[in-house]
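In: Mind folding the following:
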Amino acid sequence: MRSAYALVLLARMSDALALYLARDRCDLDLSEDVVMMGQGAVRGQKDDIAIETTKGHLTANVSFRPEARYVEYVVETVPGNIVACEGTLGCGGARCAVRRFKGDRRPIAVRRGAFLRVAWALRYGVVSILETHLLPPVEWRLEVGCDRTGFFTELLGHLGALRDALGSDLSVRGLDCSDEELADLFDTEAAALKELTTDRQTPDALAIAHGARCSPGTVDVARLVVEREFAPGRDIGVYECALRAQQVWAPTRWAADQFVAAGATSVVVVPEAVNAALFSREAASRDDKSMAAIDARLGARTDAWTVLCVAKWERRKGLDVLLDGLFRLDDARLALHSYRPSWERGERNLQKVAESRRAIACAGRPRCAVVQWLGDGPLSRSEMRALYSRVDAFVLATRGEGWGLPIHEAMAMELPVVVTNASGIETLASPDAAILLPSNGVDDDGYARGPTARDVADALQYLRTNPATAHRLGKLAREHVVTLFSPHAVASIMRAELQAFVLRRATGRRPSSPPPRWSSVADELR
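Out: Numbering: from 1, shown residues only. Reported below is the predicted structural model:
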């Protein structure tokens, strides 16, 4: 009984010390309960910290490493708000982990921080459980081809950063990439895959299942996406996997809500990542070979305003509405890279399909918009980057997305983006960094009904006739995804969630009933 009382007392002391450290060393004007509600900007006087938030709170110090002499703490916002921090360890949606005390060698600060770290650990009976090197080996399972499908490209976005975050205890199973397939990747991506891919099972590994369904065996964490609303009988493989897993990582709050509706008991929002150092205009400009390859596909240079769409030719992607909207414009061009998946019925010659629609919509209009068909063959990663750099905007009139990696890549390349505000897309393409098309409700299959052709035409015409606004949106788009969804930020969230997962398992804690939440170590430790 006394030991339990001592732990409670120690926990309260650690809470008080967390507040004291924040007030004493972070130079922030904080109230006693550490709330910063309603303040547009709260800035420390030191150069290495700046917190920008409208509805945020500082939750707690998370860990302290005396040898580096810094404290890490977390800034969160209420659901639906975004927080951006300069000088952070990582940001993701509504949280930022901020590092302080760099270079502070005063012994008293070291002792305070060390006490705090031990106090947090003792609160759950585990000392140093949060240290990265005490995580078990992590085995990422992805059984798809290396052909730059959605799941494979998702892995490329964060793999190198997660390796850096976890060290040598990360492996990837299920992939078998040929040398030709690896050659189509960026060098750093190919190197990470070569280093981490194995066909041997890692004993006692923490297993992360990634894909459309779980393979047989234990599933600790499932990295899953859905594109439409949950209902019994829909997307059975995905939801069976979610119910088998001890925890689900969903890329958006909307997706998390679907897994909760299906009965998943532990769901965390962990976004996707794109490496903005690789997907940048500067990097594209240095790649003459890829630029030449894309120029050959685009054909002769033209003054026509060019918008890009990269998508499978299926009803969900809304290419029918996109083409009908495009053909309402004059002096515009759609660069289209698409293929019809095997499960979709209909004409396989997609260029013929597009031209047939144009012939009807553009009758008697010689200046009517045109489609520049880029073929259905795969492009290398560097060629995709070059393609983004050669167009004026990106559009996708989708009826449902799991995340939207081409949208993410386009935003990283400073393109203004037009996309349907459906299935949680606002997490990636926020209203201040993109033009969001109306979703117009949900159809009988759970997908958004999607925008009308007039919606698409009006949005494209607005961008074409307002180049200054388009340029500003492109800049904001890149800033948005670099701040919130960088590989380092997402890997930091993943590492934090794995640490919290191990802590819960070691202490026998079971997750309480949802609602789903944005990832936060501090949220787990409260």
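In: Rounded mean pLDDT for stretch 431-438, please.
Out: What stretch 431-438 shows for mean pLDDT is 94.
In: sorry, that was for stretch 198-208
Out: Per-residue scores along stretch 198-208 average to 90.
In: Please apply the same query to stretch 255-263.
Out: Per-region confidence: stretch 255-263 scores 96 on mean pLDDT.
In: Then stretch 143-161?
Out: Model confidence over stretch 143-161 averages 89 on the pLDDT scale.
In: Just the buried positions in that stretch, please.
Out: Residues of stretch 143-161 classed as buried: 143, 146, 148, 150-161 (neighbour count, 16 or more other CB atoms under 10 Å). Backbone N, C-alpha and C define where each C-beta goes, glycine included.
In: Pick out whichever of these sits closest to P216.
Out: The nearest member of the buried residues of stretch 143-161 to P216, counting by CB to CB, is E143 at 11.1 Å.
In: Tell me how far the closest residue to that closest one other than its chain neighbours lies from E180.
Out: Of all residues not flanking E143 in the chain, G174 sits nearest, at 3.7 Å (CB to CB, 6 or more residues apart in numbering). With distances taken as CB to CB, to the nearest Å, G174 is found 19 Å from E180.
In: Which of the two has more residues huddled nearby?
Out: Legend: neighbour count by other CB atoms under 10 Å for G174 and E180, higher for G174 (17 against 8).
In: From what I see, the more buried one and G145 are in contact.
Out: No - here G174 lies out of contact with G145, judged by CB atoms under 8 Å, at a distance of 10.2 Å.
In: how about low-confidence regions in the chain?
Out: 1-134, 148, 342-344, 346-348, 507-526 (pLDDT under 70).
In: domain ranges for it?
Out: Per automatic domain parsing, the structural domains of the chain span 2-123, 134-269, 281-484.
In: quick one: which of those is nearest L503?
Out: L503 lies closest to domain 2-123 among the domains of the chain, at 9.0 Å (CB to CB).
In: mind listing what L185 touches?
Out: For L185, the set of contacting residues under the criterion of CB atoms under 8 Å, 6 or more residues apart in numbering consists of 156, 193, 380-381.
In: For those residues, pick the one with the most neighbours.
Out: Of those, L156 is surrounded by the most neighbours, 24 neighbours in total, counting by other CB under 10 Å.
In: Name the nearest residue to that one, sequence neighbours excluded.
Out: Nearest-residue entry for L156: E189, 4.9 Å, with adjacent residues in sequence omitted and distances by CB to CB, 6+ apart.
In: Could I get the full set of helices for the stretch 351-500 of the chain?
Out: Assigned by DSSP state H, counting those that start in this stretch, the stretch 351-500 of the chain shows helices spanning 381-389, 405-412, 453-465, 467-484, 487-507.
In: Please identify which of the ones you listed is closest to L436.
Out: When those are compared for distance to L436 using CB to CB, the nearest one is helix 453-465, at 8.8 Å.
In: Show residues contacting the closest one.
Out: Contact partners of helix 453-465, identified using CB under 8 Å, 6+ apart, comprise 305, 307, 321-322, 324-326, 328-329, 332, 392-393, 395, 397, 416, 418, 435, 437-438, 469-470, 473.
In: quick one on the thing from earlier: same list (the domains of the chain) but as a markdown table, adding distance to V490.
Out: Putting those into a markdown table (distance: least, CB to CB, whole Å) gives the following:
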| stretch | distance to V490 |
| --- | --- |
| domain 2-123 | 6 |
| domain 134-269 | 5 |
| domain 281-484 | 9 |
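In: Verify the stated contact: L278 with G160.
Out: No - in this structure L278 lies outside contact range of G160 using CB under 8 Å: 10.0 Å.
In: list residues touching both of these two?
Out: Common neighbours of L278 and G160, using CB under 8 Å, 6+ apart, are T188.
In: ok, which stretches of the stretch 151-300 of the chain are strands?
Out: 170-173, 206-210, 221-223, 247-250, 267-269 (DSSP state E, counting those that start in this stretch).
In: Could you report the separation of M494 from R478?
Out: In this structure, M494 and R478 are 23 Å apart, going by CB to CB.
In: Comparing the two, which residue is more hemmed in?
Out: Neighbours around M494 and R478, counted as other CB under 10 Å, are more numerous at M494. The numbers are 27 against 21.
In: Report whether the expected contact of G441 with Y447 is present.
Out: No - counting by CB under 8 Å, Y447 is not a contact partner of G441; they are 10.2 Å apart.
In: The two: which is more packed in?
Out: Each of G441 and Y447 had its neighbours counted (other CB under 10 Å), and the higher figure belongs to Y447 (20 against 9).
In: which residues touch that one?
Out: Here Y447 is in contact with 227-228, 316, 399-400, 422-423 (criterion: CB under 8 Å, 6+ apart).
In: try 10 Å
Out: Contacts were defined as CB atoms under 10 Å, 6 or more residues apart in numbering; by that measure Y447 touches 227-229, 315-316, 318, 398-400, 422-423, 439.
In: returning to that earlier point: between the domains of the chain, which one is nearest to L498?
Out: Of all the domains of the chain, the one in closest proximity to L498, counting by CB to CB, is domain 134-269 (5.8 Å).
In: Which residue, other than its chain neighbours, is closest to A231?
Out: If you skip the residues right next to it in sequence, A231 has G446 as its closest partner in space, 5.9 Å away by CB to CB, 6+ apart.
In: just L196 next, same as before
Out: In space, L196 is closest to V172, 4.7 Å off (CB to CB, 6+ apart).
In: Any chance of the strands of the stretch 151-300 of the chain in JSON lines with mean neighbour count and distance to R358 as columns?
Out: Putting the strands of the stretch 151-300 of the chain into JSON lines (neighbours: other CB atoms under 10 Å; distance: least, CB to CB, whole Å) gives the following:
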{"stretch": "strand 170-173", "mean neighbour count": "21", "distance to R358": "44"}
{"stretch": "strand 206-210", "mean neighbour count": "23", "distance to R358": "39"}
{"stretch": "strand 221-223", "mean neighbour count": "25", "distance to R358": "40"}
{"stretch": "strand 247-250", "mean neighbour count": "27", "distance to R358": "39"}
{"stretch": "strand 267-269", "mean neighbour count": "27", "distance to R358": "41"}
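In: wait, which of these is closest to A292?
Out: Distances from A292 to each of the strands of the stretch 151-300 of the chain were compared by CB to CB, and the smallest falls on strand 170-173, at 33.0 Å.
In: All set now, cheers.
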